[in-house]
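Novice: Quick one: sequence plus predicted model below, questions after.
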Amino acid sequence: MAPTMTMAAGHLTPARKAAMVLAGTGVLALAAQVTVPFYPVPMTLQTLAVLSIGLAFGSRLGALTVLAWYGEALMGLPVLAGFNNAAAFVGPTAGFLAGFVAMAWLAGRAVERGITGPVKLSLVTLALSAMIYLPGLAWPAGLAAATGIEAGWAGLSMPAIVSAFALPFLLSDAVKAVLAALLYRGIANRFARR
């Protein structure tokens, strides 16, 4: 089996794990601010960061890092896209945010199960990037309105939702997914040589 960075995470002290989570939330906060403005959802580097953290930290620590990032937003810290905080959990990006925990967990789980080759890992990250659209599109398609949210983006027709929430991002999400897999593979190879 190819060496992985996540295998070593199980041997870290609680203090080191806490430091990793804190550093991961910092990476997520920075990645969220790298945006290309689109309406109603901006293009950011969040998916690249979530996938990379899941791959590098493993399933549990990766998911915990995303949850800690949510906690920072809920405390009012401007760590989400556009320096947003808890308000984003009821905005147009809420569905995508909801899917990030599963994305990080599944990315880490793939590596823990030995999927570390660049091609297979890229296929996993591509699949996870596609899966994020399930909650991402479900939110404006009806979940937001069902929870009482009234906004111009809530309750749009499915063609309008796909046009606004998916089509502009498909290519960049695919590139970010493959980049996350290749970055992980390159860093893991470097650690293996030490």
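Specialist: Structure received.
Novice: Could I get the buried residue list for the helix or strand encompassing residue 163?
Specialist: Per DSSP states H and E: residue 163 is located in helix 158-165. The neighbour-count check on helix 158-165 (16 or more other CB atoms under 10 Å) flags 161, 164, 165 as buried. Where you see a C-beta, it was placed from the backbone N, CA and C, and this is true even at glycine.
Novice: Quick check: the residue nearest to the spatial centre of the chain vs residue 149, distance?
Specialist: With distances taken as CA atoms, centre = their mean, the residue of the chain nearest its centroid is residue 50 (3.2 Å). To residue 149, residue 50 is 24 Å away according to CB to CB, to the nearest Å.
Novice: And for residue 108?
Specialist: Going from residue 108 to residue 149 by CB to CB gives 31 Å.
Novice: more neighbours, those two?
Specialist: Ranked by neighbour count (other CB atoms under 10 Å), residue 108 and residue 149 place residue 108 first, with 26 against 17.
Novice: what's the neighbour count on the closest residue to the more buried one other than its chain neighbours?
Specialist: Excluding the flanking residues, the one nearest residue 108 by CB to CB, 6 or more residues apart in numbering is residue 59, at 3.6 Å. For residue 59, the count of nearby residues is 20 (other CB under 10 Å).
Novice: How about the contacts made by residue 59?
Specialist: Residues near residue 59 by CB atoms under 8 Å, 6 or more residues apart in numbering: 104, 105, 106, 107, 108, 109, 112.
Novice: Check residue 161 too.
Specialist: 137, 140, 141.
Novice: Nearest to residue 190, out of these: which one, please.
Specialist: Distances from residue 190 to those, taken as CB to CB, are shortest for residue 137 (37.3 Å).
Novice: The closest one contacts residue 166, doesn't it?
Specialist: Yes. The criterion here is CB atoms under 8 Å, and residue 137 meets it with residue 166 at 6.4 Å.
Novice: Looking at these two, which is more packed in?
Specialist: residue 137 (19 against 15).
Novice: Make sure that one is indeed in a strand.
Specialist: No. Looking at residue 137 with DSSP: H, G, I helix; E, B strand; the rest coil, it is helix, so not inside a strand.
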